[in-house]
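Participant: How does the following fold in three dimensions:
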Amino acid sequence: MFKKQLIYVVAVLCAVGSLSQAAFAGSWQQNVAIGGFNSVNIYTPDTVSSIGSGKALMLVLHGCVQPISNYLTANLEDAAEQYGMVVAVPDAMNKAGFSCWSYWQGAVNRNSGDYANLVSLANTLSNDPLRNIDPEQVYLTGLSSGAAFAAQAACAAPDVFAGVAPSAGPTIGTSSNGAISSCEVVSPATFSSRCTAYAGAASSHFATQLAVVGHGSADTTVNTCYNQQNANGYAQLYGVSAIAGSNLVSDGVGHTAQESRWSDDRVAMLWFDGLDHSWSGGDGASGSYVSGESINFASYLASYFAQHNLRVDRNQRPVVSGLSAVSGSGVLLITGNASDADGSVLQVALSVSKIDANPPVLTQTINTPVDAVTGDFAAQTIALADGLYQVIARAEDNINALGESVEVTVRVGPPPPSSPPTLSDLTASVVGQCATIAGTVIDVNQDLSSVTVTFANGPVVAAVVEGSQFSASQCDLAGGSNSATVVALDGANLSSTQTVIFQVDAGITGDYNLHISQGHITWGVGYSQCYLAFGTASFTMREVPNGQSQCQWVADAEPSCAGPLQVCSGGGGALDTDGDGVADNVDNCPVDANSNQSDTDGDGIGDVCDNSSGGGSCTEITSSNYAHVAAGRATTSGYLVYALGSSDYLGWYNTFTVRTLAETSTGYFELASCP
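Facilitator: Have a look, this model is predicted:
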């Protein structure tokens, strides 16, 4: 992404999703039916992970006789906010014994029972664009029977789970007899062979999986032998060796644990000081089989996995600075500097486009080397016709990673007669009673003075202009039809004006009785949280999609006041996550565009997302944006490129911005890889 030029794009895209995210962010969604489970409690933080792209995800599996509501007071949200990690606590569907996860029963593979449900839950949440989860940062943990089940699930699907953390759980493949007091001995070699067998064809992914095991030092329920046994098993599986000694992990006085590690930080083992057979929630945690005696295990895991995750790309991208383009004798002399903090710069790709043409014309591309010592580069263009040119530079490092693009605009030849700036590609993105107006502004005289936006409720807002792009926002807009007038003014006092019309949802305002009567909340779901927040006063609720096939009414500024998931009302329209024109509730692949709904094997799963035999109608093409447009896979709007069919934003119109498109049905392309 062109960070310096396209900040407005990021802001607009964030604005589009933020209303729906408001239903998630900073609060628990309780009893959500998702991923094959009837009831999942989900916490989505406002923050993002410090590594990778987006948020991490951790699934937490309950123990026997332990309702998932107990984890609402386990300090999981503290870890979620601090480390940018979505937390999901599912209630087991196929329980055994005393409401346990049935780790000792049935086949252990990714397509069976709750193992399949956990894979589905992880993938469904990761594919939800509103939650912004990085699929390379998905982890699995659990307590007791949940720990054993988590360990077996991570063995069965190591490609899905980058890290696993069983706490106070029996070793994989043991019987229910070994759960209470006694210890079933499993050698490291047996552990490794069992786990590898569960994985099948996915076993190569153990090379990048991490494991943390933990156990309370005062646990008299599940034998503490399993902690060391599990650690030794993972060490054998990953091929690592124990590091001598131990470390003290402390969350403050009285909240400590003893830590041992294995080579390359692939395995860690914790003894929670003074903890009984409970989930270690840290200071203030409470509930049945949840204790505040030791450290916050969720925070430890979030930190450990973020530090040592082997699947995210940690390479620092090269940087272009001091870009300059000087016109002389009909050519441009382009100079600048490129650097790479953790490697070296291989080359700098330059793109020269005549931007006062409609559409812009790509004139020349140049790959220029850099000085190995100083990082300086220089290049000269071919002879250019008079006009306004945009030069874009992007550095490539020694492992072929590309940095962010930097651009400069320069004129060749004499300036044209004075003319007003040109406005194009205006859009309005509405979030609640706020709107963001964005678009493109070109001034061929290069004397743009300002862009202002006047909203219906009165104020004139100065737009933020980045390169040729602008954006301006305003809140407290009235419900119904609204307009915003955009004025671009140059130094000669010449101006252009355009008006944008858009709709604002003002929500519904009333006390809790009104919201109950209209079905926004019920006595069982939403009433107590709304009453605690607002009492008998009036408050405003809006309907937002939950990222699946349903909607939820959520109160302004108080996301804990939210109703049950339900069918979206007619006013909001049916949710269509993949934008293929087929509503999610009837789409046989709701997160993969397939407007023709092709289902070759008739199993109810569309071909584009069906991994079974007979499915898989998807063609993947990786090429430059210029080539995508030339081949009819994408279209241009101004200087920007959009995929044909899905209208996914692809970036600038040039030859070195490379994107992968998936043709999921004839003539329908989206920014994605084929399944």
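Participant: Do you have the helices of the chain handy? List them.
Facilitator: 7-21, 76-83, 113-126, 145-156, 188-199, 225-238, 297-308, 512-517, 527-534, 625-630 (DSSP state H).
Participant: which one is the spatially most central residue of the chain nearest to, not counting chain neighbours?
Facilitator: For the chain, Asn132 is the residue whose C-alpha lies nearest the centre (Cα atoms, centre = their mean; 2.1 Å). In this structure, Asn132 finds its nearest non-sequential neighbour in Gly54, 4.2 Å apart by Cβ to Cβ, 6 or more residues apart in numbering. Using the backbone N, CA and C atoms, a C-beta is placed for each residue, glycine as well.
Participant: My guess is the one you found contacts Asp134. True?
Facilitator: Yes: assessed by Cβ atoms under 8 Å, Gly54 is found in contact with Asp134 at 4.2 Å.
Participant: and the residue nearest to Asn132, what does it touch?
Facilitator: 48, 132-134, 137 (Cβ atoms under 8 Å, 6 or more residues apart in numbering).
Participant: Against Val48, how distant is it?
Facilitator: 6 Å (Cβ to Cβ, to the nearest Å).
Participant: Likewise for Thr660?
Facilitator: Noted for Thr660: a distance of 23 Å to Val48, by Cβ to Cβ.
Participant: Comparing these two, which residue is more hemmed in?
Facilitator: Higher neighbour count among Thr660 and Val48: Val48, with 17 against 14, using other Cβ atoms under 10 Å.
Participant: For Asn41, see how far away that one is.
Facilitator: Distance, Val48 to Asn41, using Cβ to Cβ: 21 Å.
Participant: Likewise for Ser419?
Facilitator: From Ser419 to Asn41 the distance is 59 Å (Cβ to Cβ).
Participant: which one of these two has more residues nearby?
Facilitator: Higher neighbour count among Ser419 and Asn41: Asn41, with 21 against 13, using other Cβ under 10 Å.
Participant: and the more buried one, what are its bridge partners?
Facilitator: Val89 (DSSP bridges).
Participant: isn't it right next to Val32, touching?
Facilitator: Yes: Asn41 is within contact range of Val32, at 7.4 Å (criterion: Cβ under 8 Å).
Participant: Point out where the stretch 501-650 of the chain drops to low pLDDT.
Facilitator: The model of the stretch 501-650 of the chain has pLDDT under 70 over residues 545-549, 557, 570-588, 590-605, 607-617, 637-639.
Participant: hmm, 50 instead?
Facilitator: By pLDDT under 50, the weakly predicted segments of the stretch 501-650 of the chain are 571-575, 585, 612-616.
Participant: in it, which spans are strands?
Facilitator: 508-510, 539-545, 551-555, 558-562, 619-624, 634-637, 640-643, 649-652 (DSSP state E, counting those that start in this stretch).
Participant: Can you list the strands that the longest one pairs with?
Facilitator: Under the criterion DSSP bridges, strand 539-545 sits next to strand 508-510 (antiparallel), strand 551-555 (antiparallel) in its sheet.
Participant: what comes up buried for the first one?
Facilitator: Residues of strand 508-510 classed as buried by neighbour count (16 or more other Cβ atoms under 10 Å): Ile508.
Participant: how distant is it from the center of its chain?
Facilitator: In terms of Cα atoms, centre = their mean, to the nearest Å, the centre of strand 508-510 is set 32 Å apart from its chain centre.
Participant: ditto for stretch 98-108
Facilitator: On Cα atoms, centre = their mean, the centre of stretch 98-108 falls 31 Å from the chain's centre.
Participant: With Thr664 as the reference, measure out to Pro675.
Facilitator: In terms of Cβ to Cβ, Pro675 sits 9 Å off from Thr664.
Participant: quick one: contacts for the closest residue to Asn400 other than its chain neighbours?
Facilitator: Nearest residue to Asn400, sequence neighbours excluded (Cβ to Cβ, 6+ apart): Leu346, at 7.2 Å. When the contact criterion is Cβ under 8 Å, 6+ apart, the partners of Leu346 are 396-398, 400.
Participant: With Thr208 instead?
Facilitator: If a contact means Cβ under 8 Å, 6+ apart, then Thr208 has 162, 310-311 as its contacts.
Participant: Save the helices of the chain as a markdown table, and put in mean neighbour count and distance to Ala484 too.
Facilitator: Listed next are those as a markdown table, based on neighbours: other Cβ atoms under 10 Å; distance: least, Cβ to Cβ, whole Å:
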| stretch | mean neighbour count | distance to Ala484 |
| --- | --- | --- |
| helix 7-21 | 17 | 14 |
| helix 76-83 | 22 | 35 |
| helix 113-126 | 22 | 36 |
| helix 145-156 | 30 | 50 |
| helix 188-199 | 19 | 55 |
| helix 225-238 | 23 | 57 |
| helix 297-308 | 22 | 41 |
| helix 512-517 | 17 | 31 |
| helix 527-534 | 16 | 32 |
| helix 625-630 | 20 | 30 |
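Participant: Leu333: which of those is closest?
Facilitator: Proximity to Leu333 (Cβ to Cβ) singles out helix 625-630 among those, at 24.2 Å.
Participant: what does the closest one rub up against?
Facilitator: 362, 621, 634-636, 641, 643, 650-655, 657-659, 661, 669.
Participant: By neighbour count, which of the contacts of Thr208 wins?
Facilitator: Neighbour max across these (other Cβ under 10 Å) = Ala162, 27 neighbours.
Participant: hang on, isn't it packed against Phe206?
Facilitator: No: applying Cβ under 8 Å, one finds Ala162 not in contact with Phe206, separated by 11.0 Å.
Participant: hang on, the earlier thing: which of the contacts of Leu346 fall in strands?
Facilitator: With strands taken from DSSP state E, the overlap with the contacts of Leu346 comprises 396-397.
Participant: picking that back up, compare Pro675 and Thr664 and say which is more crowded by neighbours.
Facilitator: Between Pro675 and Thr664, counting by other Cβ under 10 Å, Thr664 is the more crowded of the two (30 against 16).
Participant: my guess is that one meets Ala643, correct?
Facilitator: No: if you go by Cβ under 8 Å, Thr664 and Ala643 don't touch, sitting 10.7 Å apart.
Participant: and which of the contacts of Leu346 is nearest Asn127?
Facilitator: Nearest to Asn127, judged by Cβ to Cβ, of those is Asn400 at 27.4 Å.
Participant: Okay, the closest one and Ser250: tell me how far apart.
Facilitator: For Asn400, the distance to Ser250 - Cβ to Cβ - is 43 Å.
Participant: and if you look at Ser167?
Facilitator: Going from Ser167 to Ser250 by Cβ to Cβ gives 18 Å.
Participant: next one: Gln66
Facilitator: 27 Å.
Participant: Repeat that for Gly178.
Facilitator: Counting by Cβ to Cβ, the gap from Gly178 to Ser250 is 32 Å.
Participant: of the two, who's got more company?
Facilitator: Gly178 (21 against 13).
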